[in-house]
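Q: how does the following fold in three dimensions:
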Amino acid sequence: MASFRIERSFLKRGINYIAGVDEAGRGALVGPVIAAAVILPPEFYKGKYPFWLTEIDDSKSLTPSKREKLKELIFNHALSVGLGGASVREIEKLNIHRASLLAMRRAVSRLLPEPELILIDGELCYLEEISLPQLAIKAGDRLCKSIAAASIIAKVIRDRLMIKLDKICQGYNFCDNKGYGTKAHFEALKKLGPSPFHRRNFNLGIDNLKIKRGEKNER
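A: Residues are numbered from 1 along each chain as shown. Sure, this is the predicted structure:
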């Protein structure tokens with residue numbers, strides 16, 4: 001269960017504004033990667049926080065309805081929330097790791113006040129072009145409340161986007177799979193071919209299928 005243990009350790013050093021950063025959609029076959037950065041009030045680190053904050057945890061461990069509820073509470077009580085994304089074209093150009101870092105940089109750049117420290121989910125995650133102290137934490141969304149809060153925001157925003165995309169690209173069931181590689185999703189790919197929103201440099205499970213944007217799908 002995520003806690004404020006890490007934030008408290010930095011609070012003792014005089015660091016108050018700590019941003020948790022995470023992304024959603026890194027492993028999906030479709031759509032952008034979305035990142036969120038969240039600065040929670042420093043008094044929360046000291047144990048002076050509302051009861052609902054005890055429910056903040058890794059977004060993957062929460063139900064969709066719980067994530068939606070917590071997303072609204074985080075937005076209403078956080079000192080600052082920043083959002084960023086990287087498009088399918090950017091993912092294909094940069095690769096998914098670098099595109100995820102780009103989305104995170106964009107999210108952090110939109111925070112006011114500026115954080116004194118950035119806590120990032122994952123290993124080997126350093127945000128270039130941001131000259132602020134940074135700490136990458138393996139499984140950070142399961143350990144750190146600030147990162148977990150960011151994971152919830154990013155997940156809810158991206159899921160909402162995929163639900164909208166489901167209305168544009170019917171047949172892939174994005175509303176349920178959220179763009180991830182389920183069995184039904186791969187079956188739809190074999191039947192329909194990739195949509196313009198699929199990441200073409202990912203393994204889409206279709207051998208010898210080459211489709212360019214703007215061309216009719218040849219199956």
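Q: any low-confidence regions in the chain?
A: Scanning the chain for pLDDT under 70 picks out 203-219.
Q: all strands for this protein, in order.
A: All strands of the chain, identified by DSSP state E, fall at 18-24, 33-39, 80-86, 117-121, 134-137.
Q: would you turn those strands into JSON lines with mean neighbour count and distance to His185?
A: Backbone N, C-alpha and C define where each C-beta goes, glycine included. Compiled in JSON lines, the strands of the chain are given as follows (neighbours: other CB atoms under 10 Å; distance: least, CB to CB, whole Å):
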{"stretch": "strand 18-24", "mean neighbour count": "30", "distance to His185": "17"}
{"stretch": "strand 33-39", "mean neighbour count": "31", "distance to His185": "17"}
{"stretch": "strand 80-86", "mean neighbour count": "21", "distance to His185": "21"}
{"stretch": "strand 117-121", "mean neighbour count": "25", "distance to His185": "25"}
{"stretch": "strand 134-137", "mean neighbour count": "16", "distance to His185": "30"}
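Q: of all these, which lies closest to Ser151?
A: strand 18-24 (4.0 Å; CB to CB).
Q: hang on, the earlier thing: can I get the strands of the chain in TSV including distance to Ala150?
A: Below are the strands of the chain laid out as TSV (distance: least, CB to CB, whole Å):
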stretch	distance to Ala150
strand 18-24	4
strand 33-39	4
strand 80-86	8
strand 117-121	8
strand 134-137	12
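Q: among the ones you listed, which is nearest Tyr45?
A: strand 18-24 (7.8 Å).
Q: quick one: strands adjacent to the closest one?
A: strand 33-39 (antiparallel), strand 117-121 (parallel) (DSSP bridges).
Q: stretch 179-196: end-to-end distance?
A: Across stretch 179-196, the terminal residues are separated by 13 Å (CA to CA, to the nearest Å).
Q: quick check: buried residues in that stretch?
A: Using 16 or more other CB atoms under 10 Å as the test for burial, stretch 179-196 gives 179, 181, 185, 188-189, 193-195.
Q: next: stretch 5-15.
A: Neighbour-count burial for stretch 5-15, counted by 16+ other CB under 10 Å, picks out 6-7, 10-11, 15.
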